[in-house]
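A.B. asks: Provide a 3D model corresponding to the input given below.
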Amino acid sequence: MPTYDFRCEKCKKKFTLTMTISEYENKKRRCPKCKSTRIKQQITSFQAITSKKS
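C.D. replies: Predicted structure coming up:
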């Protein structure tokens, strides 16, 4: 499952949520600290693990 990093604009807390792509598209997210809906997704790097079959 992908992880998404967010930052709350109200309390400035950074947090990570793990959810499926369908949950990401349909779910309204809230800050876990202050419950605000004023959150912004942060741009982060990712790592892909692939098989080394030839």
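A.B. asks: run a quick neighbour tally on the residue nearest to K28 when sequence neighbours are not counted.
C.D. replies: Excluding the flanking residues, the one nearest K28 by CB to CB, 6 or more residues apart in numbering is T37, at 6.6 Å. Any C-beta I mention is one placed from the backbone N, CA and C, and that applies to glycine too. T37: 11 surrounding residues under other CB atoms under 10 Å.
A.B. asks: can you say which helix or strand has T37 in it?
C.D. replies: Assigned by DSSP states H and E, T37 falls within no helix or strand.
A.B. asks: for it, report the pLDDT, please.
C.D. replies: For T37, the model assigns a pLDDT of 93.
A.B. asks: what residues are up against it?
C.D. replies: Taking CB atoms under 8 Å, 6 or more residues apart in numbering, we find T37 in contact with 28-31.
A.B. asks: thought Y4 was touching M19?
C.D. replies: Yes. Counting by CB atoms under 8 Å, Y4 does reach M19; the two are 7.0 Å apart.
A.B. asks: on that earlier part again, can I have the buried ones of the contacts of T37 as a PyMOL selection?
C.D. replies: A single PyMOL command selects the buried members of the contacts of T37 (16 or more other CB atoms under 10 Å):
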select buried, resi 29+31
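A.B. asks: out of the contacts of T37, which one sits closest to K13?
C.D. replies: Nearest to K13 among the contacts of T37, counting by CB to CB, is C31 at 6.1 Å.
A.B. asks: confirm that E23 sits in a helix.
C.D. replies: Yes. Judged by DSSP: H, G, I helix; E, B strand; the rest coil, E23 forms part of a helix.
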